[in-house]
Each structure stands twice: as C-alpha cells, then as structure tokens.
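Colleague: Quick one: sequence plus predicted model below, questions after.
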Amino acid sequence: MYTYAGIIVNNSSVKLDKIFTYKVPEKLKDKIEIGFRVKVPFGMGNKKLDGFIVKLYENVLHDKKIKEIIDFCDDFPLFTAKDLELIEKMRERYLCTYLDCIKVFIPRGIFKGVKDKKQNLVYTGKKLEKNFDRNPYKSIYELVEGENGKYTKNFISKKYNLSLSSINTMIKHGFLITGRSTVNRYDERKYDIYSKKTLNEEQQFAVNKIINSDKKIFLIHGVTGSGKTEIYMRLVEKAMKSGKESIILVPEIALTPQMVERFKGRFGKDVSVFHSKLSDGERYDEWMRVKRGQVKVAIGARSAIFLPFRNLGFIIIDEEQEWSYKSDSNPKYNAREVGEIKCSQYGCKMVLGSATPSIETYHRCTRGEIQLITLKNRADGAAMPKIRIIDMREELVNNNKSMFSKILYKSICDRLNKREQIILFLNRRGYSTFVSCRKCGYVFKCSNCDISYTYHHNIGKLVCHYCGSKIDVPKTCPKCGSRYVKYFGVGTEKIEQLIKNEFHQAKILRMDFDTTRKKNSYESIYNTFKEGRADILIGTQMIAKGLDFKNVTLVGVIAADLSINLPDFRSSEKTYELITQVSGRAGRGEKPGEVIVQTYNPENYSLRCAAENRYRDFYNREISIRERMNYPPFSDILLINMSSKNEDILIKSIQNVGIFLRNILIKNDKIEMLGPCPCEISKIKESYRWKIMIKGKISLNIAQNIRKIVYDLLKDVYNDVKVSIDINPINMM
Ligand code: ADP
Ligand code: ZN
Ligand code: ZN
C-alpha cells in the first residue's frame, strides 16, 4: 500500500522542477497510480496547485512536515509508468523540465476543464403498434432504427425535416427512448472508399521485408509516386489483424486532406486524425477514443507520437526528413528520436519513408542501424518527370527581364491550350520581398525585429513576417527624404498578379500562409484544383509535398536560389529535397510531366543531382563535407540562444556565460565553442538575440552540465533574459 507520493507541480518555473513528497489520504489509497493529476496545497500560503504523480512510496524517512494530497482532478490517470520512463528520458535529452515533458502527453483541453460531452440520444424502444403504423411515425421509426443512438431528437427533426412533436409523442409511448451518452464533437464527413491496390513487386518486397526482418527500423527510400502510402496501409492492416495499433506521422500540411482521405477511405472509424486545427474539445474526444482503445490508427503531426496507445505495432513516419518533426518549443523533442525510444518500449517497428531521406538517416542505413529499402519506380507505371534547369543569367543576356524564362512561358501557354494543369512554386509569400530607397539604398525594416518588410499588395501595406506588424507604405525615404521608394524581389502574390496579366483566360489559385488562414480554406483550394476548376496553382512550400493531382503536367520553380543561399549547413540538403519534392507533383497521371527549374546557380551540385535523380551521388558528396566540417551526424550541435529587451544586460550575461563555458570546454578537445555572437536575425519582437554554438561529441552528461551552468549564471537576471537551449536544432539563425 502506497502512503506517499512524489509530485511534479503544475508551475512552469525551472526552480520548481523537482519532485515534492506528499501524503496519500486514506480515501485515495486504493486507487492511486502514477500519472494521476491531483490537487495539492503548495508553498507557504498552501496555495492549491495541480500536480502530477510520478513516484509512489510505501514509506519515507521523516514525515513531519509532509502535507497531504487534497484530491484527484480526473477519474483516470493521464499517463502511464511507461510514459513516465519516456518523460524522464526526454527531460534529460532535451534539457527541459518534467512539466514540459508531461504536458505533451495530455490534450491541452484538459487543463481548461474540457470533459466528455454528454447528450440525450434517441434509440428505438418497443415495436411500433398498429395505430402508429403510419407516417410520420413509421418513417421516424425506420430512420432511428438505422442510426440508433447517433443523434439527438432536435438534430433528427432538423436534418430530416420531421416534426419534433411526433418524435416526442413516440417517446411518450415508448416507441423511442432517449439515453444520455458521450458524443464525439468531431463532425465526421463521409469519405469515398479507397480501394486496395494489388501491390507491385517493389511494394510487395518492402512489405515482406518489414514484416519478416528482425530489424526494428526501416527506411523506405522511394521516388515520388512510388506508392509508399499503399505500403503503410498494408502494414497497418497487418497490425490491426493481430490487434495492434499504429501511429502515422505526417508533416502538418499533408494532413489536410489527402493522406486522411486515403486512410479514412479504407479504414473508416478505426482512424483518428490529429491536426492543428482541431478545437480543444475535438482533440480531447479523439484522444479519449485512443485511450479507450476505440482507435486502431492515428494519423497526425509530430505530437501524435505521444498518443496513449498501449499496444503499438508500427510507428510510421512519412517524409522523415521533414523539419517539422522537431519541436522548437520545450520540450524540443524530435519525433523520430521519441519514436525510436517507443519502439524499444513497446517492441514495435518503425518505418521511415521519403523520396529524399535526411543525411542523418541515410548515414545510419550505411552503418547498418537502419534497414534500407529502395523503390525505384512509380507505382502506377507513370514515368518520372523530365527536369530542366534554366540559367536565368542567359535570359537576361537575351534581354528577357521578366520573372519567366522563355521556355517556362511557352510551356505555360502550351499546357493551357491542352487543358492540362500547372503548378508554380516560389518559396516566398507576399508581393515583393523588400522595399528600399533607390537614391540612398535605405531598406525599410521592422523596428521590432530588424527584418526587412514585405509588401502585401492586397492590403496595400508593409508586413513583417516575424512579428506580423503592418505599416502603411511610406511615400518618402525616412533617411534622405527622396520619393524614389521602390519594391524589389517577388513573392507568390506578385507572381499571381504577373500570371493574371499575361494569361487573362487562365483560372488561378494561390496557396500560401496568407490564403489558408481560415479553417477550411486549404481544403477548398485543394478541392477546386483537384476537380479541375482551375488551371494554375501558385504556392509556397505548402504545395511542395504529398499532393497527388493526376492532370498536372508542368511544374515551374520560379527561383531555386532562395534555398541554395540559406546560411545553414543544411542548405544543400534542403535544396535537393525541395527540387525533388516539387518535381514529384508533375506527371502523376498518364500524361508525362515536365519540370522547369529557374536559377542563377545552374551548376549547383544539389540542383544537378536532384534534376537527374541521383540521390546516392548527392549523399556521398554531402556526407564527406559533413565529416570534414564536423557537422551532424558526426557531431552534435548545442545551441544556446538568449534574448532580452535590454541589450546591455543581454550582452553582459551571455559573455559571462561564454567565459565560463569556454573555461570548462577548453579541456575537451572533441568540443568546440563558437560565439557568443549576435544571431543572424538579431532582433525579433523588440527582443535582441545572441547565441553560443557548441559543436562536437556532446554526451548527455556534458549537456546537462552546460544547462546547469547556464541557469545558475542567469539566476539574477532571470526576469530580463530569456534563454533557450536546444540540442541539434533545426534553425541556426
Ligand atoms: P508516394 O507517397 O510514394 O509519393 P503515393 O502513395 O502517393 O506515392 O502513390 C502514387 C500513386 O500511385 C497514387 O495515386 C496511388 O493510388 C497509386 N498506387 C499506389 N500503389 C499502386 C499499385 N500497386 N498499383 C497501382 N497504383 C498504385
Ligand atoms: Zn533614401
Ligand atoms: Zn517585426
């Protein structure tokens, strides 16, 4: 019998990140378990706080001052002992608090008091008697019989236009009865059946290999359109047959709606979907369905890895190279790594899929840690698209100053004539990328963020993409007073305008952050294009992945240089990925696809490899650069980021931290420290930003030590200086 419990309090202060001991009251003793949320008196004033049970003891050494738990907050524990194991590992690895880690296991609605939604639902009662065996009673009865316990009487009356009073009469006579039950807030739309395909040889080989091999982790490296989804579905089905569950992680953007259509279309109610646009109530309901064992497959963005499945068969991570699998707020976890820990906890298998695997994952394949499976052909026999690289410098020489090369222009005309569809890609939204004075060169920047403003034509304002602030376009230059204010660079909004001017008859859609803010806007653009009600789709990285439109035969990349020139050691990897993914949208039907990539760097190696579909060559070169430069996977990077509204305090604090760390790290010749220096983006939302980068073989121990030193040194400026510590971050800027 447990008489004491160790508790983490629900307070985000780093100082309270320890286990507090409480007495278990008599009334809770036979029910108490790890993972319960409880109310406890805390601190000098005995303020009531929520806490989470993470330890149970039969006895403690002294119990003089130990306070008592007040009560449970919920009827059930919110996480299990196994989850707790993972929580502890994550806390160590991702340098954060218990509470940070606990919270990702719990749907946020629970903290706001969301509970099961109960309603009075209508069921059939005794058989209709003779004198009621006529309409409207008869049809009401038949309807309820078909949808027993699904709707409320109001809903039935409204939806089928049946009289409420007749329904009430039937209830009075016992032909219908009502009962209070839990209802799902998630409004389920109907999905077309997605029929099973006969696997081709490559797919069959992959499925067999994954099921029969002793290996735990697999990488399916398959060209775009190779039918990876069909493989995932077979694995999921296999797991289901032996009573096991599966998690499928996809990048957020792929969640709406294609992957979902396919899984719902095949597995129906056994599937649960988690995307960022669910309301707290909907998310809670879906989480509860998983917890109650009513769901066999969950598809979701990275946080779906924490769903309360207890009997996992497969963890599948589609587009495994995606950066969105790494969280950028605490806990700064990587879902790939968490998935791997779960695999060892549950004895399940993990399948990674990609047309452009991350360098790290492919490296692990070459070392035998991950089983590589290659798919070389498109599943439905379609040919791979032809990719052409166009040197935009030559266009300039030939006096073409427009955003479109001659060949792209001609190809667009050609497809419009043939009534085939076109996708144009540009990884920058807005109208023009910066606004500056032609006379003195002054660039208009957001004063909060030190980032140049982007002009948005539709609202006629300059917008900061970091903090969202908007200002009117200045008529004169604030520096020299000249009136020659000019717009430079292009974004998707401008491309849309240019295309409209050139091709009056074409129907054009634009998909980017600005056009998809409303709840169903993504879906509506997607459907319009899919149903052929538009000719050209213009978009940012949102349209680069996953979409499967059969009638698209031309993809144009307006400016490949944007990703080539990123100040990041992963820029080549990103370029390869982007070109491959965007190209993968072309020629997915019977008609062959063509891709036109415009660039000022036509000899760039990643670009060339991507155009010729030579991943292996690209990888070999990239891995040797990583090794020479000691970048991941040959080292870890620990990024310490500090920010403050007070620049003096910030610089003093980070320099102090820098001196301390350097003194300690100097003894370790496997670790190198860079900085402190200002971040590339030196100010965001009025906060100045500096960083220290530590590169090398960083063990858990060293990382924990560094964290401790940083927090100790910042104790006195805690209110002024924010600090973030990230192991292997995705964003270095
Ligand atoms: P990937 O995810 O690998 O890019 P998809 O899963 O989107 O590829 O598959 C590409 C297309 O091929 C889809 O339209 C899919 O329905 C189809 N497909 C998949 N497997 C088969 C198969 N065995 N036979 C015929 N068509 C298939
Ligand atoms: Zn000026
Ligand atoms: Zn700003």
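Modeller: Yep, it's here. Bear in mind the structure is a predicted one, so any value in this text is a computation, not a measurement. Numbering: from 1, shown residues only. Ligands and ions are numbered 1, 2, ... in the order given.

Colleague: So which elements touch the longest helix seen in the chain?
Modeller: Counting residues, the longest helix in the chain under DSSP state H turns out to be helix 647-665. Where contact means 3 or more Cβ pairs under 8 Å, 6 or more residues apart in numbering; DSSP states H and E, helix 647-665 is packed against strand 636-644, strand 671-684, strand 687-696, helix 700-713. (Each C-beta comes from the backbone N, C-alpha and C, glycine too.)

Colleague: Off-centre distance for that helix?
Modeller: 34 Å (Cα atoms, centre = their mean, to the nearest Å).

Colleague: now do stretch 580-591
Modeller: 23 Å.

Colleague: Repeat that for stretch 523-538.
Modeller: That offset, for stretch 523-538, works out to 23 Å (Cα atoms, centre = their mean).

Colleague: Show me the contact partners of that stretch.
Modeller: 256-258, 412, 415-416, 419, 421-426, 492, 495-496, 499, 503, 506-511, 515-516, 543, 547, 549, 551 (Cβ atoms under 8 Å, 6 or more residues apart in numbering).

Colleague: Would you check that Gln541 makes contact with Asn427?
Modeller: Yes: assessed by Cβ atoms under 8 Å, Gln541 is found in contact with Asn427 at 5.6 Å.

Colleague: low pLDDT regions in the protein?
Modeller: 185-188, 253-256, 431-432, 449-451, 546, 563-567, 732-733 (pLDDT under 70).

Colleague: Near ligand 1, which residues of it are found?
Modeller: 197-200, 203, 222, 224-230, 379-380, 548 (Cβ under 6 Å from any ligand atom).

Colleague: out of the residues you listed, which are buried?
Modeller: 199-200, 203, 222, 224-230, 379, 548 (16 or more other Cβ atoms under 10 Å).

Colleague: Using a markdown table, please lay out these together with secondary structure.
Modeller: Formatted as a markdown table, these follow (DSSP: H, G, I helix; E, B strand; the rest coil):
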| residue | secondary structure |
| --- | --- |
| Leu199 | coil |
| Asn200 | coil |
| Gln203 | helix |
| Gly222 | strand |
| Thr224 | coil |
| Gly225 | coil |
| Ser226 | coil |
| Gly227 | coil |
| Lys228 | helix |
| Thr229 | helix |
| Glu230 | helix |
| Ala379 | coil |
| Asp548 | coil |
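
Colleague: In which helix or strand does Ile390 reside?
Modeller: For Ile390, the host element (DSSP states H and E) is strand 386-391.

Colleague: Now the following helix or strand past that strand: buried residues?
Modeller: Later in the chain than strand 386-391, the nearest helix or strand by DSSP H and E is helix 392-397. Within helix 392-397, the residues that count as buried by 16+ other Cβ under 10 Å are Met392, Glu395.

Colleague: With stretch 682-696 instead?
Modeller: 682-684, 687-696.

Colleague: From the chain's centroid, how far away is it?
Modeller: 24 Å.

Colleague: Output that stretch as PDB, nothing but the C-alphas.
Modeller: Below are the C-alpha coordinates for stretch 682-696, written out as PDB (Å, rounded to 0.1, in the frame of the first residue of the first chain):
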ATOM      1  CA  SER A 682      19.500  39.900 -34.400                       C
ATOM      2  CA  LYS A 683      16.200  41.200 -33.100                       C
ATOM      3  CA  ILE A 684      12.600  39.800 -33.000                       C
ATOM      4  CA  LYS A 685       9.600  41.500 -31.400                       C
ATOM      5  CA  GLU A 686      11.800  44.100 -29.800                       C
ATOM      6  CA  SER A 687      14.000  41.500 -28.200                       C
ATOM      7  CA  TYR A 688      17.700  41.400 -29.000                       C
ATOM      8  CA  ARG A 689      19.100  38.000 -29.700                       C
ATOM      9  CA  TRP A 690      22.600  36.500 -29.200                       C
ATOM     10  CA  LYS A 691      23.800  32.900 -29.400                       C
ATOM     11  CA  ILE A 692      26.600  30.500 -28.400                       C
ATOM     12  CA  MET A 693      27.100  27.400 -30.500                       C
ATOM     13  CA  ILE A 694      28.800  24.300 -29.100                       C
ATOM     14  CA  LYS A 695      29.800  21.600 -31.600                       C
ATOM     15  CA  GLY A 696      31.200  18.200 -31.000                       C
END
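
Colleague: Please list the residues of this structure that sit near ligand 3.
Modeller: Contact residues, the chain versus ligand 3 (Cβ under 5 Å from the ion): Cys446, Asn448, Cys449, Cys464, Tyr466, Cys467, Ser469.

Colleague: Let me know whether the fourth one touches Tyr455 as I believe.
Modeller: No: counting by Cβ under 8 Å, Cys464 does not reach Tyr455; the two are 11.4 Å apart.
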